[in-house]
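Chemist: the sequence and its predicted three-dimensional model are supplied below.
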Amino acid sequence: MEEKELKQECLKLMETADMAYLSTIDSDGFPQTRVMGNLRNTKQYPGLKSMFSEHGEDFLIYLTTSASSGKMAQIRANPKVSVYYSNPAEFHGMMVAGGVEIVADTELKKQIWQDGWEMYWPDGPDGPEYTVLRLLADFAKGWYKEGPFGFELK
């Protein structure tokens, strides 16, 4: 399969995977993986679709978390992370990796905010705990149907 077609299949995976799995590195050097909401999933977050429409080539990822979470301590110490998406029924899995940054743009944070998130962040999108992370990955690799793949994203 051509790389361009493969990238399109990977974008579809990002838009349909129920969850995203974020891995960080702890203070002992071990990977720590946890499930995160997949904000690129167009069924779960239809209002965010346009935000990602211009990011087919760079595979932009946004994640939300709490400022005081353990993962944030790990990210502050080492911003290199990976995010994994999968669709086992199609034998398709993809890991993207790179340096994650904490979003300071309050307007962007408000744009990402979803109704119902008050249960996680009672102070809303302006509160000190609500945190948005941005990942512009360096590379992607994984498995698609018949075999492994890998490509650079920067």
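Modeler: It's in.

Chemist: can you tell me the SS state at Lys111?
Modeler: For the record, residue 111 is Gln, not Lys. Three-state assignment for Gln111 (DSSP: H, G, I helix; E, B strand; the rest coil): helix.

Chemist: next up, the contacts around it.
Modeler: Met51 (C-beta atoms under 8 Å, 6 or more residues apart in numbering). Every C-beta, even on glycine, is put in place using the N, C-alpha and C of the backbone.

Chemist: gap between the residue lying closest to Tyr120 once chain neighbours are set aside and Ile75?
Modeler: Sequence neighbours aside, Ser66 is the residue nearest to Tyr120 in space, at 7.1 Å (criterion: C-beta to C-beta, 6 or more residues apart in numbering). In this view, Ser66 and Ile75 are 12 Å apart by C-beta to C-beta, to the nearest Å.

Chemist: quick check: bridge partners of the residue nearest to Tyr120?
Modeler: Tyr130 (DSSP bridges).

Chemist: quick check, it in contact with Ala73.
Modeler: No: using C-beta atoms under 8 Å as the test, Ser66 is too far from Ala73 to be in contact (11.1 Å).

Chemist: and the residue nearest to Tyr120, how many residues sit next to it?
Modeler: Residues lying near Ser66 (other C-beta atoms under 10 Å) number 15.

Chemist: pull up the per-residue confidence for it.
Modeler: If you check Ser66, the pLDDT there is 98.

Chemist: and it, how close does it get to Met95?
Modeler: Taking C-beta to C-beta, one finds Ser66 at 24 Å from Met95.

Chemist: so where do the strands sit in the protein?
Modeler: For the chain, the strands defined by DSSP state E occupy 19-25, 31-37, 61-66, 80-87, 92-102, 130-135, 139-144, 147-152.

Chemist: from the contact counts, what lies against the second one?
Modeler: Meaning strand 31-37. In terms of contacts (3 or more C-beta pairs under 8 Å, 6 or more residues apart in numbering; DSSP states H and E), strand 31-37 is packed against strand 19-25, strand 61-66, helix 70-77.

Chemist: what's the weakest-modelled helix or strand in the protein?
Modeler: helix 49-52 (a mean of 92; mean pLDDT, DSSP states H and E).

Chemist: let's check: the centremost residue of this structure is which one?
Modeler: Ile61 (4.0 Å; C-alpha atoms, centre = their mean).

Chemist: let me see the contact set for that residue.
Modeler: Here Ile61 is in contact with Met14, Ala20, Leu39, Arg40, Val83, Val96, Arg134, Leu135, Ala137 (C-beta under 8 Å, 6+ apart).
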